[in-house]
Every structure is written in C-alpha cells, then in structure tokens.
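J.: I'll drop the sequence and a predicted model, then ask my questions.
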Amino acid sequence: ATPATATQAIKPGDPAAGKEIYLTHCHFCHGRTGRGEGPVGIAISPHPADFIGDRKRMAKTDSELFDSITKGIYKEIGGEEMAMPRWAEILTVQERWDVLAYIRQLEREGLASDKNR
C-alpha cells in the first residue's frame, strides 16, 4: 500500500488562488507588480527578487523556484540570517504551487508591459 500523501495529486498552480496568497504574504517585499519594490523590500539587503527584471533568476525551472519558495532564501554572511522565510512552514504544497503560478503570471504581464513601452 502507498502512503496517503503519495496518492494525493497536486493540481497545477492556480494563479487566481496564488494572487490572494501573494497579496497576503509576498507583496510587502516583492511589490504588487513583482519588481522587488514592496514597502518592506526596498529596505532589505539583498533586495527581494524582481520577477520581471531578473531574467537569470526567472530562467530557473518551476521546480527550482518552488524549491526556493519552500526552503526560503538565506544570507551566507554571518550565519543563517533570513532573507525570505521557509514558506513550507507557512503554506501548503498546493498554496506554494499556486503562488508560483501567480508569480509566473506577474512575470509575463511585466515583460509584456515593458515591451509595449
């Protein structure tokens, strides 16, 4: 027999559900448009990810980005000073996929907006 958790399928990320999570937890650092310009983020070093301008970071696979959301981001200097929390302790697996789907939506919208300028 397989464990119950192994049989529970994760649905593809839902950007609409992800938007609610993002506006509750993420926009303070990453900004409403995902450019890393949130009211808390502007004072943080290193600066929060810019989901539109940081093409190297956003070239990562969804699995790699999901891993970063899950495990958090930490500064290497001076120990484990937190730069972004471990969202695994706050959000469910499905919620993390949902917020990633919304981040990808912000990325597409931001790139389209920049292209039309």
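T.: In hand now; what should we look at?

J.: mind listing the helices for this structure?
T.: 4-7, 15-21, 27-30, 55-58, 62-71, 93-115 (DSSP state H).

J.: what packs against the second one?
T.: Right, helix 15-21. helix 93-115 (3 or more C-beta pairs under 8 Å, 6 or more residues apart in numbering; DSSP states H and E). For glycine as for every other residue, the C-beta is placed from the backbone atoms N, C-alpha and C.

J.: buried stuff in the helix it packs on?
T.: 94-107, 110 (16 or more other C-beta atoms under 10 Å).

J.: out of the residues you listed, who's nearest Leu65?
T.: Leu100 (5.8 Å; C-beta to C-beta).

J.: show me the contacts for that closest one.
T.: Gly13, Gly18, Asp62, Leu65, Phe66, Ile69 (C-beta atoms under 8 Å, 6 or more residues apart in numbering).

J.: tell me the spacing between it and Pro12.
T.: 10 Å (C-beta to C-beta, to the nearest Å).

J.: same check, this time on Arg32
T.: 24 Å.

J.: compare the two (neighbour count), which wins?
T.: Arg32 (14 against 11; other C-beta atoms under 10 Å).

J.: mark which of the contacts of Leu100 are buried, thanks.
T.: Of the members of the contacts of Leu100, the ones counted as buried by neighbours, 16+ other C-beta under 10 Å, are Gly13, Gly18, Leu65, Phe66, Ile69.

J.: do you know the pLDDT at the closest residue to the first one other than its chain neighbours?
T.: Translated: Gly13. In space, and not counting its chain neighbours, Gly13 is closest to Ala101: 2.9 Å by C-beta to C-beta, 6 or more residues apart in numbering. Looking at Ala101, its pLDDT reads 97.

J.: one more: Arg104?
T.: 97.

J.: so it touches Thr61, yeah?
T.: No. Checked against C-beta atoms under 8 Å, the pair Arg104 and Thr61 is beyond contact range at 11.2 Å.
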